[in-house]
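1. Sequence plus predicted model, see below.
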Amino acid sequence: MIATPGHTPDSICLFDRANGLLFSGDTYYPGPIWLFRPETNLVAYGKSVRKLAGLQPQVRLVLGAHNVPVAPPDVLGELAAAFEKVQAGQVQYRPAGEGKVIYEVGSVTFLMRSPTGVR
């Protein structure tokens, strides 16, 4: 079990080292990753995705909680790099309504709270 807070404070991933399977839960899945909830902590999420990227050489498959359930291990590095770019302000967003915005970086998409003033 790997603590991966961020999406929620109690988020975890399960890693089957013997078979190289990472069950990533809500920390990673294809499609918009929800990072807009009140309990979401973006600083903690950034640390969690960097931790998972460090496991990439040991991972054979990433199994997310939603959408297409199987992803290759290189998505872990892509996820960490994409989130870092978003946090650094290097990615344009588009409004998603209801106080949310979408950031798309390669194959990774985040659904986040709008910056102040964006609807």
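-> Structure received. Predicted, not measured: the structure shown is a model, and the values here were computed from it.

2. gap between Pro115 and Gln56?
-> 30 Å (C-beta to C-beta, to the nearest Å). All C-beta atoms are positioned from the backbone trio N, CA, C, and that covers glycine.

3. the more surrounded of the two?
-> Gln56 (18 against 9; other C-beta atoms under 10 Å).

4. Could you tell me the model confidence score at the nearest residue to that one once chain neighbours are set aside?
-> Excluding its sequence neighbours, the residue lying closest to Gln56 (C-beta to C-beta, 6 or more residues apart in numbering) is Leu76, at 4.5 Å. Among the per-residue scores, Leu76 shows a pLDDT of 98.

5. do Pro115 as well
-> The model's pLDDT for Pro115 equals 84.

6. check contacts around it.
-> Listed by C-beta atoms under 8 Å, 6 or more residues apart in numbering, the contact set of Pro115 reads Tyr93, Val101.

7. go on, Val49?
-> Neighbour list for Val49: Thr4, Gly6, Thr27, Tyr28, Leu76, Leu79, Ala80, Phe83 [criterion: C-beta under 8 Å, 6+ apart].

8. how near is the first one to Glu98?
-> Pointing back at Thr4 there. The spacing between Thr4 and Glu98, counted by C-beta to C-beta, is 26 Å.

9. who's more crowded, those two?
-> Thr4 (23 against 8).

10. how far away is the more buried one from Leu14?
-> Thr4 sits 10 Å away from Leu14 when distances are taken as C-beta to C-beta.

11. hey, what's in contact with both of those two?
-> Gly25.

12. low-confidence ranges in this protein?
-> 117-119 (pLDDT under 70).

13. residue ranges of the helices in it, please?
-> 42-55, 75-87 (DSSP state H).

14. my guess is Val75 contacts Tyr28, does it?
-> Yes: the pair Val75 / Tyr28 is scored as a contact, 6.7 Å apart, by C-beta atoms under 8 Å.

15. so what sits against both of these two?
-> Contact with both Val75 and Tyr28 is made by residues Val62, according to C-beta under 8 Å, 6+ apart.
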